[in-house]
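**Student:** the amino acid sequence is not available; the structure is as follows:
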């Protein structure tokens, strides 16, 4: 069984790494905040003091980090992954980055004789704990097939999209729709609030209607209760929206609605909602409408 390393044990990475450990893989983990390693240590994982130590102990390394600069930071320098790895190491980067960033990272690790899959996920903290995420993969197909079993410990739905960068592109397409759905819901609920409607009743009507996707079903109660504990922090969606716009410019694809959504998330982040769930964009809309953010 392959030795696995995992770097990045946040809201998503922690439970994903736990599923790898429960799957029986020898696991080495690293996180900038060491306390987040403790639950993995209880599952038998070895806690490394640096990314380099993770690489020294691993044949396959999984990264689940906030953005491309964070991935590059753990790769480079004397304490980095590349300093401890060997030719033949496989990097599975599950972070959400742009296609161009993913290809750049793949090129850098390729210079060291590594292979890479970009494998971002869809699904939030619940599916991460349950091991039922969707995983969108780019890279060499034989590398994907060889590591399908490891990916299957974290995700139920595996999709192979082709060369490096294509998994990253698929994730941006996916999150574009996620952001648009939640902003549409938040606008509907803010219009309802300004119109004096009972938001609990309006939410029930939405949930009983054909527009109630699984995402909407999760976010209606959060908006009604003003409970924005982060399943997916707003600051991360703001980052992703920026990547979508940059990629659209690169490909010559106009994304006018996404541009407006990005501006709204920029304002919400600037007003202090970055660490809340991205559905907290509703609070920014209430503020813009001159309404209180308190329920009732």
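**Tutor:** Right, received. Where do you want to start? As the structure is a computational prediction, the values presented were derived from the model and not from experiment. Numbering: from 1, shown residues only.
**Student:** can you pull out the strands in the stretch 51-200 of the chain?
**Tutor:** Here the stretch 51-200 of the chain has its strands, by DSSP state E, counting those that start in this stretch, at 60-63, 90-93, 115-118, 121-122, 133-137, 155-160.
**Student:** any idea how far residue 261 lies from residue 215?
**Tutor:** Separation of residue 261 from residue 215 (Cβ to Cβ, to the nearest Å): 15 Å. Using the backbone N, CA and C atoms, a C-beta is placed for each residue, glycine as well.
**Student:** those two: which has the busier surroundings?
**Tutor:** More neighbours surround residue 261 than the other of residue 261 and residue 215, with 23 against 15 (other Cβ atoms under 10 Å).
**Student:** is it true that that one touches residue 180?
**Tutor:** Yes. Under the criterion of Cβ atoms under 8 Å, residue 261 makes contact with residue 180 at 6.3 Å.
**Student:** beta partners for residue 27?
**Tutor:** Beta bridges link residue 27 to residue 4, judged by DSSP bridges.
**Student:** surely it meets residue 18?
**Tutor:** No. Under the criterion of Cβ under 8 Å, residue 27 makes no contact with residue 18, lying 9.3 Å away.
**Student:** overlap in contacts of those two?
**Tutor:** Jointly contacting residue 27 and residue 18 under the rule Cβ atoms under 8 Å, 6 or more residues apart in numbering are 40, 43.
**Student:** tell me which of the strands of the stretch 51-200 of the chain lies nearest to residue 77.
**Tutor:** strand 60-63 (15.2 Å; Cβ to Cβ).
**Student:** which other helices and strands contact the closest one?
**Tutor:** On a contact count with 3 or more Cβ pairs under 8 Å, 6 or more residues apart in numbering; DSSP states H and E, strand 60-63 meets strand 4-7, helix 13-22, strand 90-93.
**Student:** give me whichever of the ones you listed is most buried.
**Tutor:** Compared across the helices and strands packed on strand 60-63, strand 4-7 shows the largest average neighbour count, a mean of 30 (mean count of other Cβ atoms under 10 Å).
**Student:** and the contacts of that strand?
**Tutor:** For strand 4-7, contacts defined as Cβ under 8 Å, 6+ apart pick out 13, 16-17, 20, 25-31, 40, 45, 48, 51, 54-55, 57-65, 74, 81, 150.
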